[in-house]
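In: here is my input, please return the structure:
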Amino acid sequence: MTQDDNRGGQPPQEPPKRGSMRFQDETTQARQPSLAEQRARQQALAEQERQEALAAEAARAVEKKSSTKKKILIGTGVTVGLVGLVATFYTVAKPENVTAVCTTKDEIVDNDQNCDENYVRSHGGHVSGGFFFIPIGGFGGPMQSYRYNYGGSGAIGQRVSGGSYTAPSNANVSTKSGKTVQRGGFGISGKSGSGGSGKSGGS
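Out: I've put the predicted structure just below:
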């Protein structure tokens, strides 16, 4: 019997090659990370946390800035609104100065005394509806009517130029001779010390 017969006809097994990979099964335990790997991982986590904190802080800063800007804009709008309101108030409250001239019913400029209530009454006349009635030629005679023209101009004996026969509101009204006809202020008229009517001049 030969040697090949003793091996049963099977070829001899080759020895395992060096450097070949062996597969791990489920019972193989994972290798623990080295100290350097652990430090690198900790540093990466710390850096990530720091970046997240910085991002959150930046977001809060932007939100705070936006809120502050909005408050400033609102405050500015309120201030501008108040300034405009005050300016409007003073514009309305400040009365303008208007000159009144006394005219006849034919719109001829006449002497200012004919539109003075005290003068008219002392000469037998009366005042009604903004007109001043004075008897012509003395007591009991026919009446001549006068009224104020506001803002018009012209010499005595001439036809008045411009103006209006409606008393302006919120205006200081006086004659060329200096008699106060109306005191302005918030649209309220007042009688003059000489007896002139604050609302003289209705048509």
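In: all strands for this protein, in order.
Out: Along the chain, the stretches classed as strands by DSSP state E are 96-104, 126-128, 131-135, 143-150, 171-175, 180-182.
In: can you count the residues close to Thr104?
Out: The local packing of Thr104 (other Cβ atoms under 10 Å) involves 15 other residues. To be clear about C-beta, it is placed using only N, CA and C from the backbone, and glycine gets the same treatment.
In: what segments of this structure are helices?
Out: With DSSP state H, the ranges of helices along the chain come out as 3-6, 35-93, 117-122.
In: need the strands of the chain in CSV (columns: mean pLDDT and distance to Arg159).
Out: Formatted as CSV, the strands of the chain follow (pLDDT from 0 to 100; distance: least, Cβ to Cβ, whole Å):
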stretch, mean pLDDT, distance to Arg159
strand 96-104, 92, 9
strand 126-128, 92, 24
strand 131-135, 92, 18
strand 143-150, 93, 10
strand 171-175, 88, 18
strand 180-182, 86, 21
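In: out of these, the one nearest Ser164 is which?
Out: Closest of the strands of the chain to Ser164 is strand 143-150, at 5.4 Å (criterion: Cβ to Cβ).
In: residues in contact with the closest one?
Out: 98-105, 107, 109-110, 114-115, 125, 130-136, 160, 163-168, 171, 173, 181, 200-203 (Cβ atoms under 8 Å, 6 or more residues apart in numbering).
In: again, but for stretch 36-54
Out: Pro33.
In: got a ChimeraX select line for the buried ones in the contacts of strand 143-150?
Out: Buried subset of the contacts of strand 143-150, written as a ChimeraX selection, criterion 16 or more other Cβ atoms under 10 Å:
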select :98,99,100,101,102,103,107,109,110,114,115,125,130,131,132,133,134,135,160,163,165,167,168,171,173,181,200,201
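In: still on that earlier bit, the strands of the chain into TSV, with extra columns for distance to Arg39?
Out: TSV is the format used below for the strands of the chain (distance: least, Cβ to Cβ, whole Å):
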stretch	distance to Arg39
strand 96-104	87
strand 126-128	108
strand 131-135	109
strand 143-150	97
strand 171-175	90
strand 180-182	95
